[in-house]
Every structure is written in structure tokens, then in C-alpha cells.
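Q: Sequence plus predicted model, see below.
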Amino acid sequence: MPEKHPARLPRTLAAGLTLAASVALLLGTASTAAAAEGAAYDSITITAAPLTVAVGDSLTVTASAAGLVDAYAYDLDLAYDPALLTFVADSDVTPAGGFATATDEGGRVSVVATRLGTSPGLTGDQVLVTLTFTAIAPGTADITMSEGRVVDSAGTASAIDAAGLAASVEITADEDTGSASAGTTGNGTGSGTGSVGGDPVNAGGGTGPLATTGADAAPWLIAGGIAAVAIVSGAALMLARRRTR
């Protein structure tokens, strides 16, 4: 099952990141050049739950992929209205067997994720990330994917077609739920991450391709020699992303 990853890179990664920099540059160049080649996925979807919340309530936004082929790293930018929503720091959940970071830039959350050295690339239908937000004002909150890419284990990148990838949530004023504590205040109980309930990553302990390497082992794998592959892939993705902006 997916597990919450560490919020920050351990200090022990600093040396590995420095060591991988030159390789990452080469890999980043190859990824950019190959971005127009065959797609590494069939489709991407953005869902939100629940679809109606009150001010002060939490909601989740999930980015899922269907038909992934050897997805070793990915990079997603999700835009939201900071006047209506705030991102809950360290709430991002990604598949087990990898490492990821989510950076909130005030109106945009940038997610960068990579597999660990011994973990297989993601295949089939997968939940890429689930983020939690808090509603802070009434209105219609749209969460959209502005850009993204998927990188395979060979460093080949496929840009995500982000057009139309969005989810909307209706936020009501908090007084609408103040009168009936037993009824209306529980509007979040039937939602959670219902949109990802059938996904093989979230289904159970041993159903997904990631079950063989849990995130609990991440710090030890990173500290060892295996970490080089993961660090190179993650650094390459971030470098390539910076070049395209």
C-alpha cells in the first residue's frame, strides 16, 4: 500500500546528489530530446473528494494514470486558487518504493517523484499522488494540471497532455454546517480518497507492483550504493524541468 514518504531529503543524500550531478546533466539532455517519442501512459485523470465541502474542511486531490509503461520518475504541476484553498504541508502520498517531494509555491504544488534503485518502474493503472487541501473561503475551487512529464528507467521523457485535466470542488460558507453537528459537519466522512479506492496501488498490501519494496526501507536504500540510480533519475527530472521553463 502507498505510504507517506519523508518530508525532506536526508542530509546523507547531499553527497549522492553532488556525485550524480554530471550524470544527471547527460540524462536530462537525453530526456528533453526524447520527449516527443512514444507515450509512457494511456491517460491521466485528476479527481477531488468530496465534491462539496464547508470552509475549514479538508479535501483530497488525486492524480492517477492508466496504462503506465516503466514509469521510473514523474513531474507534475497542479494549480489551485490560493484565495479558496491552502495546501496542507507534507500531505502528499505517493506509491511505495519511491521518494517524492511536493513544493507549494502559493497557487501551485510541484510534485517530483522517482523510484528507488531496486524498485521496478510503475506499470498499469497507478495513483501518482494524492494531495490534501483545506477550504478557506466559499466559492468554486478548480484544481488543474498545468504541466507534467513521465520518465522511464532509460531516461526517456514523455510530456503529459495537461489540457482539460482538472477537478472542481464547491466550498460553502462555514455557517451552513454550524447548526447540526451530527449531520452536516460530517460531510467529509464519505469521501476521503474514494476516487482511488479501486486503484491497485491503494487496494492492499500485496496487489500492486510496488509492494515488493516498501517506503520503510527508503532511508536505508538511499544511504547505500543503490541510491545512486534513484538520485540520478530524480535529479535528471528536476534539471530537465528547470530547463524547459
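A: Done, it's in.

Q: rest of the way, CA atoms for contacts and neighbours
A: Noted.

Q: could you measure V112 against L122, distance?
A: V112 sits 15 Å away from L122, taking Cα to Cα, to the nearest Å as the criterion.

Q: For G56, see how far away A137 is.
A: 8 Å.

Q: which one's the longest strand in the chain?
A: Criterion DSSP state E: the longest strand present in the chain is strand 58-79.

Q: Could you pull up the mean pLDDT of that one?
A: Averaged across strand 58-79, the pLDDT comes to 97.

Q: re earlier: where do the contact lists of A137 and G56 overlap?
A: Where contact means Cα atoms under 8 Å, 6 or more residues apart in numbering, no residue is in contact with each of A137 and G56.

Q: circling back to that earlier point, pick out whichever of V112 and L122 has more residues nearby.
A: The neighbour count for V112 versus L122, taken as other Cα atoms under 10 Å, is higher for L122 (26 against 23).

Q: residues in contact with the residue nearest to the more buried one when sequence neighbours are not counted?
A: Nearest residue to L122 in three dimensions, chain neighbours excluded: A71, at 4.8 Å (Cα to Cα, 6 or more residues apart in numbering). A71 is in contact with 40, 121-123, 150-153, counting by Cα under 8 Å, 6+ apart.

Q: Which parts of this protein are strands?
A: Counting by DSSP E, the strands of the chain are 43-49, 52-54, 58-79, 85-87, 98-104, 108-115, 122-135, 139-152, 157-159, 166-172.

Q: May I have the distance across stretch 150-157, first residue to last?
A: Using Cα to Cα, the two ends of stretch 150-157 sit 6 Å apart.
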